[in-house]
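In: here is my input; please provide its structure:
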Amino acid sequence: MKLKTKLTLFNALSKLVIVTLFVLLLPSIIENINRNYTDNRLVKQKEKLLQIVKESGIKRYIEDGQSYGSYLPLKEEYISLDTVERDYFLDTIQDEQRLIERDTIDYRILSHTFKVGNQNYLLEIGKSIETIGETTGPLQNIALQILLGMVLLTIMADLLYANFILRPLTLIIKSKLIGNKFPSFKKYKEVKTSTSDFQHLDISIHQMIEAIEQAFQKEREFISNASHELMTPISILQSKIENMFEQEDIPDEVKVRMMEMQKILNRLKSITKTLLMISQIENDQFLKEDTISVTNLLHDVYDEISIRLQDKNIRFELTVTDDILLVGVNKFLLFNLLFNLVNNAIKYNQPNGLITVTGKVEKDGYHIDITDTGIGIDAAQLPFIFDRFKKIKQSLQQDSFGLGLPIVKSIAAFHGVVINVTSQKEKGSTFSLILPYSILKFI
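Out: You can find the predicted model right below:
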């Protein structure tokens, strides 16, 4: 998962937690808000009535000691004013019940005592609790809608800001890591950013890439130079041994040792040629100007290797359902790639075994699958089969240098070909080549 996605997801989840807590607390919050609003309204009504009493006198409401009472038709609010004892004092707002025309109703009641002259009065102003609760639902809905709208806006803002702030990191990854073809690197191009952490990361990655490039270059130069330098003395030694064979006075025991020496030199020469080829491929010293059909290429491989098939009595089945042209390729290298894979399929196959080669067009490119009924490869060894000089257990019994599959890998990378390998012990292996559409031309 990308860092940007993780940040956005975290922000969304944190806001979701906040919304959940808010929803749980919202009823009590709205209830308190309504209660406080009602209390303030009752206090204002009290102050207004006291002001009227002060200006107009108490007789406007009470005459001859009678009590005063008034309520709305639906009994939502009521006001009462009555005389009380002189030593009775009260100033509260609380929930109480009142009997109004034989109906017991719950009210939020403000009770307040005050004096006018020598008489003590009790003022009660009440509001029905039921009407107070009527506004709770709408207020909750409005608050929830506003909250959800704000959350969505903040999530969008977080996403846009995350895209903006992480854009340099995305550019660094694409241009410095994904965009580079290892070990061939582009020139350093600074990623513009005001974030010091990303600036440091950009420079650090560039420095590491430079160190890797220098190491790769030294390795290439060493392999190329060593291969060239070794070819001359090997050729000289081979010539001298061949000249010694022409002498008639050489004992048979010496001839046997000379043949062993010649065999060792041939092996050394083969290894040197292979290393030199890998070095030339990795240094892009081969041209890609050939055009050849897949069918012709596979038939050329079969013609070259058919004698070995007969030696082990191995059947070879070739099925090309979609024949196409390969353009902008190196025929010699592709021939070596397929030859090495088919040769391995023969080398590690069972007597009277089978090799099937298929070619067909798929969504991701042209697939060439080479399947054998051989001894297979251990699952633990599969990740290392393309390493140089890595000889798996099966190859220890064969005349192998551990360079066949590394050549295959280098040639495949040179042409942009993807290699997938599946294998089962004692059942066989399948090497799948996926040729990109960039080198395909349909006939």
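In: out of the helices and strands in the protein, which is least certain?
Out: Least confident helix or strand of the chain, by mean pLDDT, DSSP states H and E, is strand 68-71 with a mean of 67.
In: tell me the buried residues in stretch 431-443?
Out: Using 16 or more other C-beta atoms under 10 Å as the test for burial, stretch 431-443 gives 431-435, 439-440. Yep, even glycine has a C-beta here, placed from its N, CA and C like the rest.
In: show me the contact partners of it.
Out: Residues outside stretch 431-443 that contact it (C-beta atoms under 8 Å, 6 or more residues apart in numbering): 291, 293, 323-329, 337, 341, 345, 362, 364-371, 412, 415-422.
In: out of the residues you listed, which are inside strands?
Out: Per DSSP state E, strands hold the following members of the contacts of stretch 431-443: 291, 293, 324-329, 362, 365-371, 418-422.
In: buried among these? Make that a PyMOL selection.
Out: Paste this into PyMOL to select the buried members of these, with burial taken from 16+ other C-beta under 10 Å:
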select buried, resi 324+325+326+329+365+366+367+368+369+370+371+419
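In: count the neighbours of Q97 for me.
Out: By other C-beta atoms under 10 Å, the residues close to Q97 number 12.
In: that one: which element?
Out: Assigned by DSSP states H and E, Q97 belongs to strand 91-100.
In: helices and strands around that strand, which ones?
Out: If you count contacts as 3 or more C-beta pairs under 8 Å, 6 or more residues apart in numbering; DSSP states H and E, strand 91-100 packs onto helix 3-56, strand 103-116.
In: hey, which of these is tucked in deepest?
Out: With neighbours defined as mean count of other C-beta atoms under 10 Å, the helices and strands packed on strand 91-100 peak in mean count at strand 103-116, which reaches a mean of 17.
In: and it, which strands flank it?
Out: strand 91-100 (antiparallel), strand 119-128 (antiparallel) (DSSP bridges).
In: list the buried residues of the last one.
Out: Within strand 119-128, the residues that qualify as buried by neighbour count (16+ other C-beta under 10 Å) are 120-128.
In: next: the first one.
Out: Within strand 91-100, the residues that count as buried by 16+ other C-beta under 10 Å are 93, 98.
In: mind starting the numbering at 21 from now?
Out: Okay, residue one is now 21; in that scheme the one you just asked about reads as strand 111-120.
In: contacts for it next, please.
Out: 59, 62-63, 91, 95, 98, 124-133, 146, 149.
In: the last one too?
Out: Residues from elsewhere that reach strand 139-148, judged by C-beta under 8 Å, 6+ apart: 58, 61-62, 65-66, 69-70, 78, 82, 95-106, 108, 110, 116, 118, 125-135.
In: could you pull up the mean pLDDT of it?
Out: Strand 139-148 comes out with an average pLDDT of 87.
In: which SSE is immediately downstream of that strand?
Out: Tracing the chain past strand 139-148, the next element assigned as helix or strand by DSSP H and E is helix 149-154.
In: other SSEs contacting that next one?
Out: helix 23-76, strand 123-136.
In: centre of the chain to the longest one, how far?
Out: In this case it means helix 23-76. 43 Å (C-alpha atoms, centre = their mean, to the nearest Å).
In: surely G379 is in a strand?
Out: Yes - applying DSSP: H, G, I helix; E, B strand; the rest coil, one finds G379 inside a strand.
In: partners of it in the sheet?
Out: V340, I388.
In: any idea how far it lies from L453?
Out: Going from G379 to L453 by C-beta to C-beta, to the nearest Å gives 9 Å.
In: joint contacts of the two?
Out: Common neighbours of G379 and L453, using C-beta under 8 Å, 6+ apart, are 387-389.
In: who touches the nearest residue to L142 once chain neighbours are set aside in this structure?
Out: Of all residues not flanking L142 in the chain, V104 sits nearest, at 4.5 Å (C-beta to C-beta, 6 or more residues apart in numbering). By C-beta under 8 Å, 6+ apart, the residues touching V104 are 133, 140-142.
In: low-confidence ranges in this structure?
Out: Residues of the chain meeting the criterion pLDDT under 70: 21, 83-87, 89-94, 199-208, 247-248, 409-422.
In: let me have the helices and strands packed on strand 111-120 in JSON lines, extended by distance to E446.
Out: Compiled in JSON lines, these are given as follows (distance: least, C-beta to C-beta, whole Å):
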{"stretch": "helix 23-76", "distance to E446": "44"}
{"stretch": "strand 123-136", "distance to E446": "86"}
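In: which one of those lies closest to I192?
Out: helix 23-76 (11.9 Å; C-beta to C-beta).
In: could you give the angle of the closest one to strand 111-120?
Out: If you take axes from the mean of the first three to the mean of the last three C-alpha atoms, to 10 degrees, helix 23-76 sits at 80 degrees to strand 111-120.
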